[in-house]
Structure formats: structure tokens, C-alpha cells
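Asks: task: produce atomic coordinates for the following.
(one chain, ligands or ions: 1)
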Amino acid sequence: MIKVVRVKNKEEISKKAFEIMHELVTSNPKAVLGLATGSSPVGLYELMIRDHKENGTSYKDVTTFNLDEYVGLPKDHPESYYSFMHRNLFDGLDVKEENIHIPSSEGDLEERCDEYNEALSKQTIDLQILGIGSNGHIGFNEPDTPFDSVTHIVDLKESTIKDNARFFDDDISKVPTQAITMGISNVMAAKKIILIANGENKANAIRATVMGPVDEKVPASVLQNHPDVVIIIDEEAGSSLYKEKR
Ligand code: F6R
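Replies: Presented below is the predicted three-dimensional model:
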């Protein structure tokens, strides 16, 4: 079941998501977190770091699993998701490095997928944080990814490459064309899911996710089949909900 929470702006989205995150990690210090990269969760991560520093909320027994990683960027590239996560979250918390899981895209990619699936199969994610692509992707599960997919290698769609060029000096040629991503069935195995989205360019994807048919053409629409999903959006991302299609 999807619960939609509409708030005024990005800051409010981060606050709402943080409330849920904080409640989980304080009630369950051994929580398993599913984490996302991209611009959407950055405000949430800032609040987690601030709370850790000011109030001492500890993540030392928390385990994390990231959704995805680019193929073709070395780990230490500033835009690798490994670097992103350390810069924007892990460096500011007390999570143990050995409890951090980020898909590796080095060496034999099929082996890396198998290893990640194996690691995921040993744990249950308590709370999965998701952003959403303007094309409805979750993780890097692009449109038409089978709902029963597990961690796999994906060719990024042109729309995703264009959307992410902003992290690569607006130069499409610098954006990796492939990624390794948790599959849709890995995401759906989480006990609870929070999807956060802001801005006008997410409005159609949010509408299709919440109101459209459950269809592999819109990967996020699968969330309608999950028992506990909270979608937190600002006014712009929610601007097409419950209206005639534009
Ligand atoms: C990131 C990820 C993607 C992003 C999505 C939205 O790990 O899996 O699905 O959540 O592309 O990106 P932003 O938040 O940058 O708009």
C-alpha cells in the first residue's frame, strides 16, 4: 500500500524522511538500511549526520546496502556512488566500513552481481530509501526491467544519462552508460520503503507510480504491490496527482 505525504518543499521532505529513519535506528540499533544516491536523499543524509553529531544517535551496529553503482568509473572517482556515499553520509557517521555494502563494478561483473545477491539474501532490509528517475526508474531499474529481477547490469536509458549529466559538467559524453543495480525484487523485499521526490520533472513519474497501472514500463509502479510504502513529495512533484492527465 502506498501512502502519499505531500509537503511544501525539499527541506520538508528531508525532515519527514528523517523522522522515519530516526525512529527506526533508535528503536532498532541493528537496523539494515537500503540507501540511494542522487540529489534526492542528500538533505536526509545531512539531517542524519547533524543528529549523530549533536544527539549521539549511533549507527555503529547498522548495516547498509546501496542500490547501485556506475560501471566504468573507478571507486575513487568523485562521481562514483562509493565516493558519493562516503562524502555525503558515511564519513559523517559511525557506520563500520565492514557493514557498508555498495555494489562493486570492478572485475567480473556477473560475479559482482552474484556476490551482491548473496549478501542481500542473508539480510532483510528494514528501511529502503528510494529516489525516482523522471522515467520512473528505481535504483537503475529502467523501464521494462522485469519485476522479478535481482542485482544485474543495466544499460542506462538516454533520459537517465541526460538527467545525470548535471553531475558530470553537463557533458553527456562523460556519463557512464552502464550500471550495476539491485533488482526490483531485491527492493520489494524491504520491510518498509520511503520514496522521496521533488520538482516538476518528477511529476509524471509520480503520477504513473501512484495512479497508473502496475506495469514494467514504469518500474516504480510495482510499489503499489508492496505492503508499506511512503512516498514523500513536494508540491511540484505532486502537481499531476489526482488531476486529468496533462
Ligand atoms: C540512485 C538511484 C536513482 C535515483 C534517481 C533520482 O541510487 O538509484 O534511482 O534515485 O535517478 O535521482 P535524483 O535524486 O538525483 O533526482
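Asks: and the closest residue to residue 168 other than its chain neighbours, how many neighbours does it have?
Replies: Distance criterion C-beta to C-beta, 6 or more residues apart in numbering; nearest residue to residue 168, sequence neighbours excluded, is residue 174 at 3.9 Å. Every C-beta, even on glycine, is put in place using the N, C-alpha and C of the backbone. Neighbours of residue 174 under the rule other C-beta atoms under 10 Å: 14.
Asks: so how far is the ligand from residue 174?
Replies: 16 Å (C-beta to the nearest ligand atom, to the nearest Å).
Asks: so that residue makes contact with residue 167?
Replies: No - the pair residue 174 / residue 167 is not scored as a contact, 9.0 Å apart, by C-beta atoms under 8 Å.
Asks: low-confidence regions, the chain specifically.
Replies: 243-246 (pLDDT under 70).
Asks: what segments of it are helices?
Replies: 10-27, 42-55, 81-88, 109-121, 158-164, 184-188, 203-211 (DSSP state H).
Asks: pipe the ones you listed into a markdown table and attach distance to the ligand per row.
Replies: Converted to a markdown table, the helices of the chain look like this (distance: least, C-beta to the nearest ligand atom, whole Å):
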| stretch | distance to the ligand |
| --- | --- |
| helix 10-27 | 10 |
| helix 42-55 | 8 |
| helix 81-88 | 6 |
| helix 109-121 | 14 |
| helix 158-164 | 6 |
| helix 184-188 | 10 |
| helix 203-211 | 9 |
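Asks: okay, those in CSV with mean neighbour count and distance to residue 139 next?
Replies: Compiled in CSV, the helices of the chain are given as follows (neighbours: other C-beta atoms under 10 Å; distance: least, C-beta to C-beta, whole Å):
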stretch, mean neighbour count, distance to residue 139
helix 10-27, 17, 17
helix 42-55, 17, 17
helix 81-88, 19, 11
helix 109-121, 15, 12
helix 158-164, 16, 11
helix 184-188, 22, 6
helix 203-211, 21, 14
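Asks: what about the residue of the chain found nearest the ligand, neighbour count?
Replies: Closest residue of the chain to the ligand, C-beta to the nearest ligand atom: residue 131 (2.3 Å). For residue 131, the count of nearby residues is 20 (other C-beta under 10 Å).
Asks: check the one 3 residues further on too.
Replies: Burial of residue 134, expressed as a neighbour count using other C-beta under 10 Å, amounts to 17.
Asks: apart from its neighbours in sequence, what residue is nearest it?
Replies: Going by C-beta to C-beta, 6+ apart, residue 134 has residue 201 as its nearest residue, at 4.9 Å.
Asks: kindly report the same for residue 223.
Replies: Nearest to residue 223 is residue 229, by C-beta to C-beta, 6+ apart, at 4.7 Å.
Asks: just list whatever residues bridge to the one you found.
Replies: Beta-bridge partners recorded for residue 229 (DSSP bridges): residue 2, residue 193.
Asks: run a quick neighbour tally on it.
Replies: Neighbours of residue 229 (other C-beta under 10 Å): 24.
Asks: re the thing from before, dump the residue contacts of the residue of the chain closest to the ligand.
Replies: Residues near residue 131 by C-beta atoms under 8 Å, 6 or more residues apart in numbering: 36, 38-41, 138, 195-197.
Asks: what of residue 205?
Replies: Contacts of residue 205 by C-beta under 8 Å, 6+ apart are 132-136, 197, 218, 220.
Asks: next: residue 145.
Replies: 137, 154, 183-184, 216, 219.
Asks: out of those, which is most surrounded?
Replies: Going by other C-beta under 10 Å, residue 219 tops these with 29 neighbours.
Asks: surely that residue and residue 146 touch.
Replies: No - between residue 219 and residue 146 there is no contact under C-beta under 8 Å: 9.8 Å.
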